[in-house]
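*Asks:* Fold the following for me, if possible:
(one chain, ligands or ions: 1)
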Amino acid sequence: MYAGLDSDKLKEECGVMGVYSDDKQSTSQLIYFGLYALQHRGQESAGMAISDDGVIDYHKEMGLVPRVFNNKVLKELTGNVGIGHVRYSTTGESHVENAQPLVVKYKKGHIALAHNGNLVNAGALRDMLENEGVIFQTSIDSEVVANLLARYHKDNIEESVKQVMEVLKGSFAFVLMTDDKLIGARDPHGLRPLCIGKTENGYILASESCALSTIGAEFVRDVEPGEVILIDENGLKSIKSNKWCRKSLCMFELIYFARPDSTMDDINIYLARSEAGKILAKEAPVEADVVISVPDSGTPAAIGFAEESKIPYGVGLIKNKYTGRTFIQPNQELREQGVKIKLNVLKENVKDKRVVMVDDSIVRGTTSKRIVAMLKEAGAKEVHVRVSSPPVKYSCFFGIDTPYRKYLVGANYTVDEIRENIGADSLHYISLEGLKKSTKRESGFCLACLNGEYPMEVPMEGDNKKGD
Ligand code: SF4
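*Replies:* Residues are numbered from 1 along each chain as shown. Okay, here's the model as predicted:
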């Protein structure tokens with residue numbers, strides 16, 4: 001496999017966006033710009049569904065947001081309620097039938113649903129529904145949820161959402177809409193993020209606050225774990241869960257997935273990452289001439305490391321921002337000639353220098369090895385790797401695409417063996433305590449892929465883990 005820049009990262013999940021607005025002309029535009037801001041959470045497909053007086057229309061395609069939507073499409077999608085989705089396929093194959101939002105018709109009307117996360121009991125629920133005669137059109141978890149909602153819907157959608165929440169296990173942040181309501185729900189552990197915003201004309205729900213600031217909405221608050229939010233002509237209503245909810249926000253949102261200009265559960269992502277860099281500099285100091293980052297997600301930690309260590313920060317690696325997920329991969333011959341598609345070294349900043357290279361995580365180790373080699377080829381005297389997350393040792397079952405444990409370098413080798421393998425002069429990871437300290441919180445996180453303590457029962461490592 002070609003080790004592209006992102007192949008050594010845990011993969012993003014999905015982004016969701018919902019709008020309830022008195023101004024029906026602007027709904028699709030707000031969703032479009034919100035999804036644009038959430039593009040980093042999924043690049044395979046995008047879609048939106050809008051309800052206009054009980055008629056739901058939708059548009060979804062494979063590709064990036066600006067490719068999927070154009071002015072004509074947005075003008076045709078008008079209505080007071082709408083939801084949108086950007087997808088990275090963690091479950092279900094990557095084709096347009098599995099793109100979201102999913103729109104279903106049932107006897108009480110329509111439901112459109114956009115989901116971020118992964119249900120650990122989706123298979124069992126699907127089997128149960130199939131045994132009762134339900135036929136599924138897609139292979140995504142969201143269809144199971146839509147079917148359950150339709151099935152439980154008697155008089156009000158509120159009750160059916162609450163009932164569905166009782167039977168789902170795993171991680172989820174939903175935005176869904178009926179013909180006249182926008183609804184948001186977050187799983188009882190709060191694994192995946194969801195926040196509320198306010199505009200002059202209504203309300204917004206979004207995976208990250210960067211989507212709110214992009215469209216000029218005011219941040220109201222995060223949706224609480226287990227909470228359901230209902231928005232309609234009467235305003236916003238919150239239904240809190242009766243169950244015990246223990247917040248377990250995915251730590252990798254803070255380390256890598258979320259945009260640095262987002263604030264999630266009161267933690268500013270940029271500040272947490274740069275603080276992690278400062279702590280890393282205290283935990284694993286080194287004498288060097290320049291601190292560089294592996295762009296882009298390693299940059300805030302590298303800046304923090306430089307500040308704390310008083311070693312100047314410099315740009316050592318240039319990332320080509322215009323390569324999508326599906327760029328044509330170079331053949332073996334070109335690879336051997338050293339074709340560097342996604343990342344190149346800025347020689348002038350590393351030649352004859354002792355370099356500290358800060359990255360946010362190492363998953364398989366393949367990319368780190370390539371980058372260290374590139375830096376040395378460019379004349380770096382020493383390369384000291386510092387990682388602002390502890391070793392990834394366990395698989396994720398909550399919507400993040402991790403490989404089988406046997407491919408997780410942190411699960412199978414000691415730090416010194418990894419150092420040797422990637423060719424670094426030294427290698428240090430931040431401690432788990434240090435990482436928690438960087439968030440200014442003691443608890444409230446899922447750390448399962450780092451320490452193996454899953455916030456709920458999970459299946460044995462199985463079919464959903466990839467070995468590529
Ligand atoms: S296991 Fe890791 S990647 Fe998955 S939700 Fe927990 S912290 Fe996030």
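*Asks:* For the stretch 201-350 of the chain, just list every one of the helices.
*Replies:* 209-214, 251-252, 269-283, 299-309, 332-336, 347-350 (DSSP state H, counting those that start in this stretch).
*Asks:* what does the stretch 351-468 of the chain give?
*Replies:* With DSSP H, counting those that start in this stretch as the criterion, the stretch 351-468 of the chain has helices spanning 366-377, 409-412, 415-422, 432-438, 448-451.
*Asks:* can I get those in JSON lines with distance to residue 139 and mean pLDDT?
*Replies:* Heads up, the C-betas are built off the backbone N, CA and C, glycines and all. What follows is the helices of the stretch 351-468 of the chain, written out as JSON lines (distance: least, C-beta to C-beta, whole Å; pLDDT from 0 to 100):
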{"stretch": "helix 366-377", "distance to residue 139": "29", "mean pLDDT": "92"}
{"stretch": "helix 409-412", "distance to residue 139": "28", "mean pLDDT": "93"}
{"stretch": "helix 415-422", "distance to residue 139": "36", "mean pLDDT": "96"}
{"stretch": "helix 432-438", "distance to residue 139": "35", "mean pLDDT": "97"}
{"stretch": "helix 448-451", "distance to residue 139": "24", "mean pLDDT": "96"}
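*Asks:* Identify whichever of those lies nearest to residue 230.
*Replies:* helix 448-451 (31.0 Å; C-beta to C-beta).
*Asks:* Nearest spatial neighbour of residue 448, chain-adjacent residues omitted?
*Replies:* residue 454 (4.4 Å; C-beta to C-beta, 6 or more residues apart in numbering).
*Asks:* Go ahead and confirm that neighbour touches residue 397.
*Replies:* Yes: applying C-beta atoms under 8 Å, one finds residue 454 in contact with residue 397, separated by 7.1 Å.
*Asks:* So between those two, which is more surrounded?
*Replies:* Shown here are residue 454 and residue 397; by other C-beta atoms under 10 Å, residue 397 has more neighbours (23 against 18).
*Asks:* give me every residue that touches the closest residue to the more buried one other than its chain neighbours.
*Replies:* Closest residue in space to residue 397, ignoring its immediate chain neighbours: residue 458 at 4.3 Å, by C-beta to C-beta, 6+ apart. Neighbour list for residue 458: 120, 397, 448 [criterion: C-beta atoms under 8 Å, 6 or more residues apart in numbering].
*Asks:* Considering only those, which also neighbour the ligand?
*Replies:* Among these, proximity to the ligand is found for residue 448 (C-beta under 6 Å from any ligand atom).
*Asks:* Can you list the strands that the biggest strand by length in the chain pairs with?
*Replies:* The single longest strand within the chain, with elements called by DSSP state E, is strand 109-119. Here strand 109-119 has these sheet partners by DSSP bridges: strand 102-106 (antiparallel), strand 170-177 (antiparallel).
*Asks:* what does stretch 254-265 contact?
*Replies:* Here stretch 254-265 has contacts from 9-10, 12-13, 37, 40-41, 190, 193, 195, 208-210, 213, 219, 222, 247, 249-250, 253, 267-270, 272-273, 276, 297, 300, 360-361, 388-389, 400, 435, 439, 444-445, using C-beta under 8 Å, 6+ apart.
*Asks:* Now it: buried residues?
*Replies:* Neighbour-count burial for stretch 254-265, with 16 or more other C-beta atoms under 10 Å as criterion, is recorded at 254, 255, 256, 257, 258, 259, 260, 262, 263, 264, 265.
*Asks:* which bits of the protein sit near the ligand?
*Replies:* 10, 191, 250, 251, 252, 396, 398, 400, 446, 447, 448, 449.
*Asks:* re earlier: from the contacts of residue 458, pick the one nearest the ligand.
*Replies:* residue 448 (3.7 Å; C-beta to the nearest ligand atom).
*Asks:* For the closest residue to residue 96 other than its chain neighbours, grab the count of nearby residues.
*Replies:* Computed as C-beta to C-beta, 6+ apart, the closest residue to residue 96 that is not its neighbour in sequence is residue 62, at 5.4 Å. Residues lying near residue 62 (other C-beta under 10 Å) number 18.
*Asks:* Kindly report the same for residue 142.
*Replies:* Residues near residue 142, counting by other C-beta under 10 Å: 27.
*Asks:* Which helix or strand contains it?
*Replies:* helix 141-152 (DSSP states H and E).
*Asks:* could you give the angle of that helix to strand 109-119?
*Replies:* For helix 141-152 against strand 109-119, the angle by axes from the mean of the first three to the mean of the last three C-alpha atoms, to 10 degrees is 130 degrees.
*Asks:* ok, and what's touching helix 141-152?
*Replies:* 91-92, 100, 102, 104, 106-108, 111, 113-115, 117-119, 122, 125-126, 129, 134, 136-137, 157, 159-161, 163-164, 167-168, 170, 172, 174, 176.
*Asks:* what is the mean pLDDT for it?
*Replies:* Mean pLDDT, helix 141-152: 88.
*Asks:* before we move on, what about stretch 186-193?
*Replies:* For stretch 186-193, the per-residue pLDDT averages 95.
*Asks:* May I have that stretch as CSV, with CA atoms only?
*Replies:* Taking Å, rounded to 0.1, in the frame of the first residue of the first chain, the C-alpha atoms of stretch 186-193 are listed here in CSV:
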residue,chain,number,x,y,z
ARG,A,186,-26.1,12.5,21.5
ASP,A,187,-25.3,9.1,22.9
PRO,A,188,-25.3,8.6,26.7
HIS,A,189,-21.5,8.7,26.8
GLY,A,190,-21.2,11.8,24.6
LEU,A,191,-18.5,10.0,22.5
ARG,A,192,-19.3,12.0,19.4
PRO,A,193,-19.7,15.8,19.6
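*Asks:* give me phi/psi at residue 248?
*Replies:* phi -140, psi 60 (degrees, to the nearest 10).
*Asks:* Quick check: pLDDT value at it.
*Replies:* 95.
*Asks:* Could you point out which residue ranges in the stretch 301-450 of the chain have low pLDDT?
*Replies:* 323-339, 403 (pLDDT under 70).
*Asks:* Would you mark the buried spots in stretch 60-76?
*Replies:* For stretch 60-76, by 16+ other C-beta under 10 Å, it's 60, 62, 63, 64, 65, 68, 69, 74.
*Asks:* The second one: what's it in contact with?
*Replies:* Translated: residue 62. 44, 45, 68, 94, 95, 96, 99.
*Asks:* Return the item of these having minimum pLDDT.
*Replies:* residue 94 (66).
*Asks:* so the residue nearest to residue 212 when sequence neighbours are not counted, which of the three states?
*Replies:* Residue nearest to residue 212 in three dimensions, not counting chain neighbours: residue 197, with 3.7 Å by C-beta to C-beta, 6+ apart. Residue 197 carries the three-state label strand when classified by DSSP: H, G, I helix; E, B strand; the rest coil.
*Asks:* Appreciated, that's everything.
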